[in-house]
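**Q** pasting a predicted model and its sequence here:
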Amino acid sequence: MKVCVIGTGYVGLTTGVSLAFLGHEVTCVDLDQAKVDMLRGGKCPIYEPGMEDLLAEAAQNLTFTTSYEEAVPGADVVFVAVQTPSAEDGSPDLRYLRRAAESVAQSLNHDFTVVVNKSTVPIGSGNWVDAILRDSFVQREDRPEGVEFAVASNPEFLREGNAIADTLYPDRIVIGSDNPRSLEVLNRLYRPIINQTFTPPTFLPRPEDANAVPLVSTDLASAELIKYAANAFLALKISYANEIGQLAAKVGADITEVARGMGLDQRIGSRFLQPGVGWGGSCFGKDTKALIATASEYNLDMPIVKAAREVNSRQRAIAVERLQDELRILKGRKIGLLGLAFKPNTDDLRDAPALDIANSLIARGARVKLHDPVATGRFRIEQPELAAYLSETIDDVFADCDAVVLVTEWAQYLELDWSKFVGLMRTPILLDGRHVLDADRMRRLGYRYVAVSG
Ligand SMILES: NC(=O)c1ccc[n+]([C@@H]2O[C@H](COP(=O)([O-])OP(=O)(O)OC[C@H]3O[C@@H](n4cnc5c(N)ncnc54)[C@H](O)[C@@H]3O)[C@@H](O)[C@H]2O)c1
Ligand SMILES: O=c1ccn([C@@H]2O[C@H](COP(=O)(O)OP(=O)(O)O[C@H]3O[C@H](CO)[C@@H](O)[C@H](O)[C@H]3O)[C@@H](O)[C@H]2O)c(=O)[nH]1
């Protein structure tokens, strides 16, 4: 099938490259010429494991352009995957979506095109996009005859760092549509994934437990709400683990053991109970805020979602308090942070806990040293005022340091020979921001091991 994808960020690029890999003819549009140039050269503008390999495997079915006219005409499906960041009042800023929809309408010329919203958007946006498309289309002087289109919602559930596996082997596919023809088109598009009939990429074999993928076919509003409800649930699951973690620290319980004991109950499940400095990234913060903003439009309070947000920001503050408890005075102390990206296997720094922790330490007069195995290039561009604090080497982070915080659990850090670094520190305080290090072993090596919850 002929597919167009608007936006080549984390979601658009993964969607476009994966569909091309499955054999569809895909054209990806982005307004950012630099991104398009990189992608044309086979280079990936984001750090996403496997993406360059998949780009290479799918190259014959893939085109990148800045031109809607080159991409939209003749497409059976147009995915819109532009950013929807938070506006001042917490609601999503839909400017990028509006502009994309207006541009799509200028180039529609096929007998039937499904315009699929993949961006995370407030409930009701499907109808809003439909209205923009129709208004813009009827105003076209060159409006072709016999053109039909319909809007569908197909929320995305990929995790950064795991984007390709989440796309090829998803837990479910959700399609919201009030139009049977759209459903039929999207069913056809996704059939290789739904039935798991494709040959897996060489670098990413099909997991042994991969089964046929459930398709949730529903109305537009329900599909849009599923996305927010799922993200808010995951966010509050982590916040709950962190809230219990604070109590565990007071009563002398081990939150890792508590989370394990809870998670083995299949009704609870062990995933997303990892305690620590809490969640960051471009989605949980923005989407919980948006859910609260949408509910307030209907005079509805969302106390559980609000509490999840509160607990999450408290965790970042607690990390700094733990250091203060250990060192008493933070002014003049040298504190190293290991990990800047909001989680491992990505260079995404959006709402990364490390940024708040670093800024808070600097505000208290500490001298910070920042390290990340992958995200420093992006960090220099996005956080120029903090760039001077970057360390090139792990030795430099530890040298003469009063405390080191493991903020992001990159494999490189977990696999460090920790015995090598303890002697470099002025005081060997190690704050485990993710509860992933072996506390007993670290203590045996001479560290004063402290965790965020405990
Ligand atoms: N990042 C994730 O893990 C993730 C997962 C699921 C859902 N989402 C949602 O998907 C959407 C996209 O997120 P993202 O992280 O991929 O964003 P992103 O910022 O990485 O990428 C958006 C891309 O769209 C391009 N763009 C903006 N306006 C455009 C236009 N009018 N025409 C063409 N290109 C345009 C930008 O240049 C950018 O490259 C958001 O709504 C987000 O909430 C994100
Ligand atoms: O037990 C856990 C699990 C995660 N995290 C943190 O939570 C954040 C989010 O992690 P993750 O969900 O793995 O990453 P994202 O790429 O932000 O993915 C989330 O947000 C996406 C955007 O909407 C959705 O598509 C995904 O389904 C959803 O998991 C990160 O800071 C993690 O460090 C924890 O603190 N404890």
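**A** Perfect, thanks for sending it. Ligands and ions are numbered 1, 2, ... in the order given.
**Q** so which bits of the chain are right by ligand 1?
**A** With the criterion set to Cβ under 6 Å from any ligand atom, the chain comes near ligand 1 through 6-12, 29-32, 35, 81-84, 96, 99-100, 103, 119-120, 156, 158, 160, 282-283. Bear in mind the C-beta positions are built from the backbone N, C-alpha and C, glycine included.
**Q** and the host helix or strand of Ile357, which residues are buried?
**A** Of the helices and strands defined by DSSP states H and E, Ile357 is found in helix 353-363. Applying a neighbour-count criterion of 16 or more other Cβ atoms under 10 Å, the buried positions in helix 353-363 are 353-362.
**Q** who are the contact partners of the residue nearest to Arg140 when sequence neighbours are not counted?
**A** In space, and not counting its chain neighbours, Arg140 is closest to Gln106: 6.4 Å by Cβ to Cβ, 6 or more residues apart in numbering. Shown in contact with Gln106 (Cβ atoms under 8 Å, 6 or more residues apart in numbering): 68-69, 136, 140.
**Q** related to what we said a few turns ago, quick one, which of the residues of the chain next to ligand 1 are buried?
**A** The buried subset of the residues of the chain next to ligand 1 (16+ other Cβ under 10 Å) comprises 6-12, 29-31, 35, 81-84, 96, 100, 103, 119-120, 156, 158, 160, 282-283.
**Q** those in helices, which ones?
**A** Counting by DSSP state H, the part of these found in helices is 10-12, 35, 96, 100, 103.
**Q** what about Val404, is that helix, strand or coil?
**A** For Val404, the assignment made with DSSP: H, G, I helix; E, B strand; the rest coil gives strand.
**Q** tell me the phi and psi of Lys334?
**A** The phi/psi pair for Lys334 (degrees, to the nearest 10) reads phi -100, psi 120.
**Q** what residues are up against it?
**A** Contact criterion Cβ under 8 Å, 6+ apart gives 366-369, 400-402, 426 as the residues in contact with Lys334.
**Q** up against ligand 2, what does the chain have?
**A** Residues of the chain lying near ligand 2 by Cβ under 6 Å from any ligand atom: 120, 156-160, 231, 234, 238, 272-274, 276, 278-281, 283-284, 342-343.
**Q** would you show me how to pick out the buried ones of those residues in ChimeraX?
**A** Buried members of the residues of the chain next to ligand 2, identified by 16+ other Cβ under 10 Å, are gathered into one ChimeraX selection as follows:
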select :120,156,157,158,160,231,234,238,272,273,274,276,278,279,280,281,283,284,342,343
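**Q** which helices and strands sit right next to the helix or strand just after the helix holding Ile357?
**A** Counting by DSSP H and E, the next helix or strand C-terminal to helix 353-363 is strand 367-371. Under the contact definition 3 or more Cβ pairs under 8 Å, 6 or more residues apart in numbering; DSSP states H and E, strand 367-371 sits against strand 334-338, helix 353-363, helix 394-398.
**Q** export these as a markdown table, with columns for distance to Asp130.
**A** Converted to a markdown table, the helices and strands packed on strand 367-371 look like this (distance: least, Cβ to Cβ, whole Å):
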| stretch | distance to Asp130 |
| --- | --- |
| strand 334-338 | 46 |
| helix 353-363 | 38 |
| helix 394-398 | 52 |
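**Q** now those in a markdown table, with mean pLDDT?
**A** Shown next, in a markdown table, are these (pLDDT from 0 to 100):
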| stretch | mean pLDDT |
| --- | --- |
| strand 334-338 | 98 |
| helix 353-363 | 98 |
| helix 394-398 | 97 |
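**Q** quick one: low-confidence parts of the stretch 101-250 of the chain?
**A** Applying pLDDT under 70 to the stretch 101-250 of the chain picks out no residues at all.
**Q** now the helices for it?
**A** Taking DSSP state H, counting those that start in this stretch as the criterion, the stretch 101-250 of the chain carries its helices at 125-138, 163-168, 180-194, 220-251.
**Q** got the angle between the first one and helix 220-251?
**A** Between the axes of helix 125-138 and helix 220-251, defined by axes from the mean of the first three to the mean of the last three Cα atoms, to 10 degrees, the angle is 140 degrees.
**Q** tell me the buried residues in helix 125-138?
**A** Counting neighbours by 16+ other Cβ under 10 Å, the buried set in helix 125-138 is 125-126, 128-130, 132-133, 136-137.
**Q** try the third one
**A** Residues of helix 180-194 classed as buried under the neighbour-count rule (16+ other Cβ under 10 Å) are 182-183, 185-186, 189-190, 192-194.
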